[in-house]
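1. here is my input, please return the structure:
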Amino acid sequence: MKKLNFTFLLILCFALLNIGLASSQIRFGLRGGFDVSNNRINKDILNASNRLGPQVGGVVEIMAPIIGWGAEAGVIYGMQQFNVTDKDYDIKNYHYLRVPVNLKKKFSIVGLFGVFIVVGPYAEFRLSGGEFSSSVIDQYKSKSFGMGFDAGAGVELLKHLEIGMYYRKALTENYSTDFDGRVRKRPSNWAVNLTYFF
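-> This is a model prediction of the structure:
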């Protein structure tokens, strides 16, 4: 009898899980934007002098209906450009692939307008660049893998377009050396992104 009850409960759990997944709203989207050095929200935020580099990629969003909770994951390619004027130092432009996985909450203000917040971890893979060298110390290569967390907020327009600002904090150091504390950095960045969901 106990075995029969357990089997029935197991089947019921799988059935409820399938209903939940079937009723979830799954959307795919394209995201583009910039890492920025200054996060003040004004007309200067996207000035060329404030941009560290572009980023572009794809995202998938899974939201439960009514309650507004869900998840978002993506694969984002990005590049950070370094403007170094000191002739004694050289930093190569950094190309990376980032995989964020975020918990997402959406609030609908009116039918065509809403706000959202996201938070979660990310993994980052260095594709090329990021090396640091100078006439004083040897050359140091940035690590090939890093991780950290993302947090962001923004607005959703017309149920397809999201404009958001995101804070990204690395939890791992981006250089493996301990020779000079100046290059054992855990970087943090702000980004402004535009996402279109199909």
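2. which stretches of the chain have low pLDDT?
-> 1-24, 38-51, 82-91, 130, 132-141, 175-187 (pLDDT under 70).
3. go again using 80 as the cut-off
-> 1-24, 37-52, 81-92, 110-112, 129-143, 173-187 (pLDDT under 80).
4. what about the strands in it?
-> For the chain, the strands defined by DSSP state E cover 25-36, 51-63, 69-80, 89-91, 94-110, 113-128, 132-134, 145-157, 161-170, 188-197.
5. mind putting those into a markdown table with mean neighbour count?
-> (C-beta placed from N, C-alpha, C; glycine too.) Putting those into a markdown table (neighbours: other C-beta atoms under 10 Å) gives the following:
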| stretch | mean neighbour count |
| --- | --- |
| strand 25-36 | 16 |
| strand 51-63 | 18 |
| strand 69-80 | 18 |
| strand 89-91 | 16 |
| strand 94-110 | 16 |
| strand 113-128 | 16 |
| strand 132-134 | 19 |
| strand 145-157 | 16 |
| strand 161-170 | 17 |
| strand 188-197 | 18 |
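6. I'd say residue 98 and residue 122 touch.
-> Yes: between residue 98 and residue 122 there is a contact under C-beta atoms under 8 Å: 5.5 Å.
7. please name the nearest non-neighbouring residue to residue 153.
-> Leaving out its chain neighbours, the residue that sits closest to residue 153 by C-beta to C-beta, 6 or more residues apart in numbering is residue 117, at 4.7 Å.
8. who are the neighbours in contact with the one you found?
-> 104, 105, 151, 152, 153 (C-beta atoms under 8 Å, 6 or more residues apart in numbering).
9. any chance of TSV for these, columns distance to residue 71?
-> Formatted as TSV, the contacts of residue 117 follow (distance: C-beta to C-beta, whole Å):
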residue	distance to residue 71
104	6
105	10
151	15
152	14
153	16
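10. with respect to residue 68, which of the residues you listed is nearest?
-> Residue 68 lies nearest to residue 105 out of these, by C-beta to C-beta, at 5.9 Å.
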